[in-house]
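Student: Provided below are the primary sequence and the corresponding predicted coordinates.
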Amino acid sequence: MSEIFEAARRSAGEAVGNAVVKALKGRGFDAVYAGSKEKALELVLEKIPNGATVGIPGSVTVREIGAIEALESRGCTVYQHWGPLTPKARLQARMDENAADVFLTSANALTQDGQIISIDGDGNRVAAQAWGCGVLIFVIGLNKLAPNLEDGLRRARAAAIPNALRLGSTLPCTQAGHCVDCRSDSRICRATLILEAPTHGRETHVILVGTELGF
């Protein structure tokens, strides 16, 4: 019986995913649906040539699909600012991410009509999503889908809570369990980007994954 339920969930997810992919394509994004994180990784690797430079910001989703290890095994140079880096090295890593051949990232929310919402503390990720020299690739789990822009913005702010906990921050939202629009010096939701369409001249791909990924 559980297999029947799982098959029904997959079919429902695919139906919803294909509808959102159609909306994304209508806005000019190159969009595709992947039923699993394994398929998502396969699609990512198809879009990135061997030996390319790839910038990966603070994305849990990209790491969950195993992209970093797979890209490095193909001779790609991966720039990332996670890890024990000095402030100077972290800044340089962020600059290298944004200047890479490919910027591989996720988002905090995706509306059913195809708008992509990202929220950021330092601004490096939303800056690279808005403008960059290289190809832009989003990998977004179906769990980030929101019915409209208002709910998408609410979801994006809610995503700051598990991110804050992951970073060991004790922000007001982690205590209240919801966004309180705080004025904390450690606030991690400071810059919000809504991509209504790909920016001019930017090759932009969206891989929508029919599973739960990231925050």
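Tutor: Thanks, I have it.

Student: tell me what the lengthiest helix in the chain is packed against?
Tutor: Looking across the chain with DSSP state H, the single longest helix is helix 2-26. On a contact count with 3 or more Cβ pairs under 8 Å, 6 or more residues apart in numbering; DSSP states H and E, helix 2-26 meets strand 30-34, strand 204-209. For every residue, glycine as well, the C-beta is placed using N, CA and C.

Student: Specify the angle between that helix and strand 30-34 in degrees.
Tutor: Here the directions of helix 2-26 and strand 30-34 differ by 180 degrees (axes from the mean of the first three to the mean of the last three Cα atoms, to 10 degrees).

Student: Run the chain-centre distance for helix 2-26.
Tutor: The chain centroid and the centroid of helix 2-26 are separated by 19 Å under Cα atoms, centre = their mean, to the nearest Å.

Student: tilt between that helix and strand 204-209?
Tutor: Going by the same axes, to 10 degrees, helix 2-26 makes 170 degrees with strand 204-209.

Student: now the strands for this protein?
Tutor: For the chain, strands defined by DSSP state E occupy the ranges 30-34, 53-55, 77-79, 102-105, 109-111, 116-120, 135-141, 145-146, 191-195, 204-209.

Student: Out of those strands, the one nearest A176 is which?
Tutor: strand 116-120 (17.5 Å; Cβ to Cβ).

Student: Quick one: mean pLDDT for the closest one?
Tutor: The pLDDT scores in strand 116-120 average 95.

Student: just the angle between that strand and strand 191-195, please?
Tutor: Using the same axes, to 10 degrees: strand 116-120 against strand 191-195 is 170 degrees.

Student: Which elements pack onto strand 116-120?
Tutor: Looks like strand 116-120 contacts strand 109-111, helix 124-130, helix 149-158, strand 191-195 (3+ Cβ pairs under 8 Å, 6+ apart).

Student: Distance to A15 and mean neighbour count added to the strands of the chain, as JSON lines?
Tutor: Formatted as JSON lines, the strands of the chain follow (distance: least, Cβ to Cβ, whole Å; neighbours: other Cβ atoms under 10 Å):
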{"stretch": "strand 30-34", "distance to A15": "10", "mean neighbour count": "21"}
{"stretch": "strand 53-55", "distance to A15": "32", "mean neighbour count": "24"}
{"stretch": "strand 77-79", "distance to A15": "35", "mean neighbour count": "17"}
{"stretch": "strand 102-105", "distance to A15": "26", "mean neighbour count": "26"}
{"stretch": "strand 109-111", "distance to A15": "16", "mean neighbour count": "26"}
{"stretch": "strand 116-120", "distance to A15": "21", "mean neighbour count": "24"}
{"stretch": "strand 135-141", "distance to A15": "16", "mean neighbour count": "24"}
{"stretch": "strand 145-146", "distance to A15": "12", "mean neighbour count": "19"}
{"stretch": "strand 191-195", "distance to A15": "24", "mean neighbour count": "18"}
{"stretch": "strand 204-209", "distance to A15": "12", "mean neighbour count": "25"}
